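**Student:** take this sequence and fold it.
(2 chains)
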Amino acid sequence: MNDWLKICPLDDIPRLGARVVNTGKGDIAVFRNAEDEVFALNDKCPHKGGPLSQGIVYDRRVACPLHGMTVHLDSGKAQAPDEGCTQKYRVRVDKGVVFLNLGP
Amino acid sequence: MRKSKLVLVGNGMAGVRTIEELLKLAPDLYDITVYGAEPHGNYNRILLSPVLAGEMKLPEIMLNDVDWYSAHGITLRSGRQITRIDRIHRTVIADDGSEEPYDRLLLATGSTPVMLPIPGHDLPGVLAYRDIADTEAIIAASAKGGHAVVIGAGLLGLEAANGLKARGMEVTVVHLAPWIMERQLDRTAADMLRTSLEARGLRFLLEKKTVGLVGEPKDSGGRVSAVRFADGDELSADLVVMAIGIRPNIRLAEDAGLHCNHGILVNDTLQTYDPRIYAVGECVAHRGTTYGLVAPLFEQAKVAANHLAEFGIARYSGSAVSTKLKVTGVDVFSAGDFMGGDDTDEIILADRKGGIYKKLVLRDNRIVGAVLYGDTADSGWYFQLMKEKKCIGSLRDRLMLGQSHNAGAGHEGRNRAVALPDDFEVCGCNGVKKISIVKAIKEKGLFTLEDVRKHTKASVSCGSCTGLVEQILASEVGGAYQPVVAQKKPLCGCTDFTHEEVRKAIIDHRLMTIPEAMRFLEWRQPSGCPSCRPALNFYLLCAWPKEYRDDPQSRFINERVHANIQKDGSFSVVPRIYGGVTSPAELKRIAEVAEKYAVPTVKITGGQRIDLLGVKKEDLPSIWADLDMPSGYAYSKGLRTVKTCVGSEWCRFGVQDSTRMGIDLEHDLERLWTPHKTKLGVSGCPRNCAEATIKDVGVIGVDSGWEIYVAGNGGIKTEVAQFLCKVKTQEEVLETTGAFLQLYREEARYLDRTVHWIGRVGLDYVRKRVVDDADGRRALYARMKEALSVEKDPWAERASDHSDTEFKPVKFFVKNSVSTGGSDERLAENLSA
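**Tutor:** Below you'll find the model as predicted:
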């Protein structure tokens, strides 16, 4: 079965930015960094649940807009010495279109 | 390509800190090998005293265990001493005959304790106090009890004596000088300290010259049994600890032909005579000074690492040092020229009975030295004033009372860190208790405010508890702590350039975009960080108002979407209401919008505006369209509100039309971006109902015109605005205010409020630019007007632009299970959008 869901053209996500995907499972943040790498995380900061999609993206990281906790985009883990983790999802870009996989 | 080889000789705090700093900058540049004579990883030598006193255990003071080296791909050869450097073949040779080639060599050979060259100095039972082995030997020897003689009443000697006493020995401290710690304390402080140590059971013999150590007969072990003095006296001893000083280890360097005097000579980049060889730490002589305290060594480490990493932009120009004695329950602090001379003044507070003594040595109204005994809570503050060479003329009469009597409101430094209970909440913003800070400092081996912030979050938010956190840090790590000097503070971790240097480069080299500025200034992180990107965005916007295209991704979310994010991720909407004056029609419209979008909370703000709270992000553009009012910029580092009182139009006391003036100012300044938020207030008479004197610019109507005040602040720490000038007409108010704000835009650092900026540059400077220089003022005002000429109302723009994906989530509802996917229609809609 094909678990990959078509999301949007890559260009609909700003470089060093994110877009929110509303799903039945809650919001998922899809990020794009300076190198056009794409990452997907549950849109909740492990600190106090802030919407990571609204944070400032740099390197492979995002700074949560509420209190500034830094979360690694590739793992969903808070940057040490902070602790905590948010669910990550698989995501890929095919011919300029972003696909998301909600599976485990 | 083969990696360059870096060899570190000396596995101590200075050397390993250099490696740590290097790994931060250039993790893959070198293949690193570390030689250490001691058979351990790197440990915190400063904490040997608590170990000796039985307050800490050895594992607690390890900074880098063996795993750390392997985790970073570093080869550790501990227990091996380098005996020779072959500079021609670029190898080092160890005592076991093994060789190691290098491309760069870092010497951090430290120092050894000086042993008096007197008869008997090599007897069993005569020990130095320097490393783990010494400490263990002293602990072992002390187990048998008896009488210990410590020779030397300096920092180390007293700490050793205190430790031995704590381990149950009788202790006598012998000292050559007339008072103890004569290199750190004046006689009064020293005598008070001695009295307090005597009360703990230590004995002192001052002005005693040791000339020999007497041993038992060889057949009964030959251990030391007595100390002999120049005056013929003898003192029995079961253990002798020599703590008369340390001598830099320069033998290796000297043998290799590197220039040395009392230490290995280095330049401001920590480079020795041989450009491939760097040296840091106690073995180094820099500008004629060798340092034995850890804080300067860490500063050296940072600079050396910068050059080893081939960044080549850091410079070490020496350190001001301070000392603290690490004897539990005794607080002693000393810094700088504590004795003073003919050209200095002193302020002294002496309370012998209460056990408090404070002496500040001043030259030309600047602190040049300090000795504190019994109460060292303000040591950090005095030391900071000393290092910054701050003129203390204005606080001279209160200087002795400490920081809490000089810092105004806020709880900065009000409490004495040491006296606080463990569960005292130091940082109210992040709920950090004192005990968590102390634990983090001890367990993670933290030395800097920056480290403590990273690990505990204490003082990262509003920063008002910074002084307190610094005090806790200082009381935990003693002399190892040095407050950060604000003089050359890099913009952020991505660069070593200061805000001012970055701004100058933007203009001098016509840098027009963030990536261009980062490339030109060799940013370490290609996409920057959340600190520098917004700053650069503002600097570019300010430098090139017409050419620069604002980068939304480098704006904090509030400025990116022109609304304030709330704790649940919703937003608040505050329309502009000029001067706080509205109309029934406007109020009706706001009410209708609030009803239509079921806005959960409608609140009047402190700046006389109406706040609609709890709005979904995707609803923002349509709310703005329905409101059809300009953005209130309540989210901005920019002009927020002009608060007004009723003024002469209605008020029976009013002497000027403050509402009209407020409205005019707000029209004149709206949409202006500034380094931080900017708030204005206009009052129609000196009763000042608009609270104008706690605003960035406060305008107060008087009978003959308007008084203008600047740099007030009503936040964490209340600051009363200072009088800038008095003018007559409305035009003058607008021009002066605009010129002032433009100067603030052009010269303050990003995130400086006006009060912080003026605190640095002084009100006189601002007065000269804005009040005295009429042409300059007009030019500033014109530049401000030019910047505003291109700013459009962001709400109107976005309300009409339906192509902006910022506000539209991709809607994708998954039916039943995860794998079934959404409807094709949805997808088509998303893809075509």
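
**Student:** any figure for the gap between the most centrally placed residue in chain A and residue A:98?
**Tutor:** Most central in chain A under C-alpha atoms, centre = their mean is residue A:40, positioned 3.3 Å from the mean C-alpha point. Remark: distance between residue A:40 and residue A:98 (C-beta to C-beta, to the nearest Å) = 9 Å. Heads up, the C-betas are built off the backbone N, CA and C, glycines and all.

**Student:** now for the two: what residues contact both?
**Tutor:** By C-beta atoms under 8 Å, 6 or more residues apart in numbering or on different chains, residue A:40 and residue A:98 have these common neighbours: A:30, A:91.

**Student:** in the stretch 301-450 of chain B, which residue sits nearest chain A?
**Tutor:** Going by C-beta to the nearest C-beta, chain A is nearest to residue B:444 of the stretch 301-450 of chain B, at 7.7 Å.

**Student:** per-residue pLDDT, residue A:89?
**Tutor:** We have a pLDDT of 94 for residue A:89.

**Student:** quick one: contacts for it?
**Tutor:** Contacts of residue A:89 by C-beta under 8 Å, 6+ apart are A:28, A:40-42, A:100-102.

**Student:** with residue B:599 instead?
**Tutor:** Counted by C-beta under 8 Å, 6+ apart, residue B:599 has contacts B:593, B:612-615.

**Student:** distance to chain A and neighbour count added to those, as CSV?
**Tutor:** Below are those laid out as CSV (distance: C-beta to the nearest C-beta, whole Å; neighbours: other C-beta atoms under 10 Å in any protein chain shown):
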residue, distance to chain A, neighbour count
B:593, 23, 23
B:612, 19, 22
B:613, 15, 17
B:614, 14, 16
B:615, 14, 22
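
**Student:** what's the helix or strand hosting residue B:24 packed up against?
**Tutor:** Take DSSP states H and E as the rule and residue B:24 turns out to sit in helix B:13-25. Packing contacts for helix B:13-25, counted by 3 or more C-beta pairs under 8 Å, 6 or more residues apart in numbering or on different chains; DSSP states H and E, involve strand B:4-9, strand B:30-36, strand B:42-43, strand B:62-64, strand B:104-107, helix B:294-308.

**Student:** where in chain A is pLDDT low?
**Tutor:** When residues are selected by pLDDT under 70, those of chain A lie in A:1-2.

**Student:** could you pull out the strands for it?
**Tutor:** A:4-9, A:17-23, A:26-32, A:38-42, A:56-58, A:61-63, A:70-72, A:88-94, A:97-101 (DSSP state E).

**Student:** so which of those is the most packed in?
**Tutor:** Highest mean neighbour count of the strands of chain A: strand A:56-58, a mean of 26 (counted as mean count of other C-beta atoms under 10 Å in any protein chain shown).

**Student:** any idea how far it is from the chain center?
**Tutor:** Computed by C-alpha atoms, centre = their mean, to the nearest Å, the chain-centroid distance of strand A:56-58 equals 11 Å.

**Student:** got a list of contacts for it?
**Tutor:** Residues from elsewhere that reach strand A:56-58, judged by C-beta under 8 Å, 6+ apart: A:16-18, A:31-34, A:62-63, A:65, A:73, B:525, B:527-530, B:533-534, B:553-554, B:556-557.

**Student:** can you do 10 Å?
**Tutor:** A:13-18, A:29, A:31-34, A:39, A:62-65, A:68, A:70, A:73, B:494, B:525-534, B:553-557, B:560 (C-beta atoms under 10 Å, 6 or more residues apart in numbering or on different chains).

**Student:** what's the longest helix in chain B?
**Tutor:** helix B:730-747 (DSSP state H).

**Student:** now that helix: mean pLDDT?
**Tutor:** On average, helix B:730-747 scores 97.

**Student:** what are the buried residues along it?
**Tutor:** By 16 or more other C-beta atoms under 10 Å in any protein chain shown, the buried positions in helix B:730-747 come out as B:730, B:732-747.

**Student:** kindly report the same for stretch B:448-465.
**Tutor:** Applying 16+ other C-beta under 10 Å to stretch B:448-465 flags B:448-449, B:451-461, B:463-465 as buried.
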